[in-house]
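>>> Fold the following for me, if possible:
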Amino acid sequence: MNECVFCSIVNGVSPASVVYSDEKVLAFLDIQPVNAGHTLVIPKAHVVHLSALDENTGASMFKVAMHIAEALRNSDLNCEGINLHLADGEVAGQEILHTHLHVIPRFIGDGFSVRFRSSYGVRPERKELDAVAKTQNSFEKGIVWITTCVCLQTDISDILIVIQLSISRVVECEEAHSYFPNLVLNLFLLRYDRLLLKRLQQS
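Predicted coordinates:
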């Protein structure tokens with residue numbers, strides 16, 4: 001089995017023009033840049049999809065992308081704006097199956113564009129948007145749980161871990177004819193019960 005090209009770069013086997021490196025993240029120039037300065041930010045660990053990415057590494061990737069964007073704007077390269085792009089999955093245009101975030105400098109007349117289908121300008125009804133929102137990991141219950149955690153002075157990292165789990169563990173609920181993250185709800189309730197018991201014991 002051939003090694004992932006990005007892993008090969010991380011391991012020093014393949015060459016790259018490195019912009020930044022730390023224990024979790026590597027940033028290097030794209031060999032087929034949209035514009036000069038086009039940079040890829042990747043996790044050093046091999047992760048294919050965003051939902052499987054460690055949340056701290058994901059945060060580090062975005063932080064590095066922010067600094068690169070600032071550096072591009074302050075450089076002598078032609079940069080009037082920045083696009084951040086992450087293709088998650090082959091159907092979304094992911095060609096290399098190792099999570100990567102593009103930082104693309106943009107300027108007027110650079111010839112790069114994103115095409116939308118002809119129906120893009122048609123706005124869906126609000127009730128349709130609301131229905132879709134309810135299928136996305138039951139954030140309403142998540143918000144209640146987060147509020148409870150804040151009141152109990154809980155570590156915010158626990159919240160982020162559970163929310164990330166919800167991205168990849170949504171299951172179908174036939175009775176509601178929608179998608180509902182049963183596992184995540186159970187984690188919310190279990191964590192809440194434990195925190196409440198601990199707080200009562202301390203009081």
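
>>> Mind listing what's buried along the host helix or strand of Leu129?
Secondary-structure assignment from DSSP states H and E places Leu129 in helix 126-135. Buried residues in helix 126-135, counting neighbours by 16 or more other Cβ atoms under 10 Å, are absent. Quick note: C-beta positions are derived from backbone N, CA and C, even for glycine.

>>> Now do it, average pLDDT.
Averaging pLDDT along helix 126-135 gives 83.

>>> likewise stretch 106-113?
Stretch 106-113 comes out at a mean pLDDT of 92.

>>> end-to-end on it?
10 Å (Cα to Cα, to the nearest Å).

>>> on that earlier part again, now for the helix holding Leu129, which elements pack on it?
strand 178-180 (3 or more Cβ pairs under 8 Å, 6 or more residues apart in numbering; DSSP states H and E).

>>> neighbours around Val64, how many?
23 (other Cβ atoms under 10 Å).

>>> Kindly provide the distance from it to Ala71.
10 Å (Cβ to Cβ, to the nearest Å).

>>> show me where the chain has strands.
18-21, 25-29, 39-43, 81-85, 101-106, 171-173, 178-180 (DSSP state E).

>>> can you list those strands in a markdown table and add mean neighbour count?
Below are the strands of the chain laid out as a markdown table (neighbours: other Cβ atoms under 10 Å):
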| stretch | mean neighbour count |
| --- | --- |
| strand 18-21 | 15 |
| strand 25-29 | 20 |
| strand 39-43 | 24 |
| strand 81-85 | 14 |
| strand 101-106 | 21 |
| strand 171-173 | 11 |
| strand 178-180 | 15 |
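
>>> Quick one: closest of those to Cys7.
strand 39-43 (9.2 Å; Cβ to Cβ).

>>> hang on, Thr99 packs against Lys44?
No: contact criterion Cβ atoms under 8 Å: Thr99 and Lys44 do not qualify, at 10.9 Å.

>>> Please identify which of these two sits among more neighbours.
Using other Cβ under 10 Å, the more surrounded residue of Thr99 and Lys44 is Thr99, with 25 against 17.

>>> Quick check: which ranges of this protein have low pLDDT?
Counting by pLDDT under 70, the chain contains low-confidence ranges at 1-2, 137-203.

>>> Quick one: neighbours of the nearest residue to Ile108 once chain neighbours are set aside, just the number.
In space, Ile108 comes closest to Glu80 once its chain neighbours are excluded; the distance is 6.3 Å by Cβ to Cβ, 6 or more residues apart in numbering. Glu80 has 11 neighbours, counted by other Cβ under 10 Å.

>>> picking that back up, so which of the strands of the chain is nearest Ser60?
strand 25-29 (4.9 Å).

>>> So what are the sheet partners of that closest one and their directions?
strand 18-21 (antiparallel), strand 39-43 (antiparallel) (DSSP bridges).

>>> Identify the residues contacting it?
9-10, 16-21, 37-44, 57, 60-61, 64-65, 68, 103 (Cβ atoms under 8 Å, 6 or more residues apart in numbering).

>>> give the contact list for Val91.
Counting by Cβ under 8 Å, 6+ apart, Val91 has no contacts.

>>> where exactly do the helices run in the chain?
5-10, 55-73, 126-135, 139-151, 156-168, 182-202 (DSSP state H).
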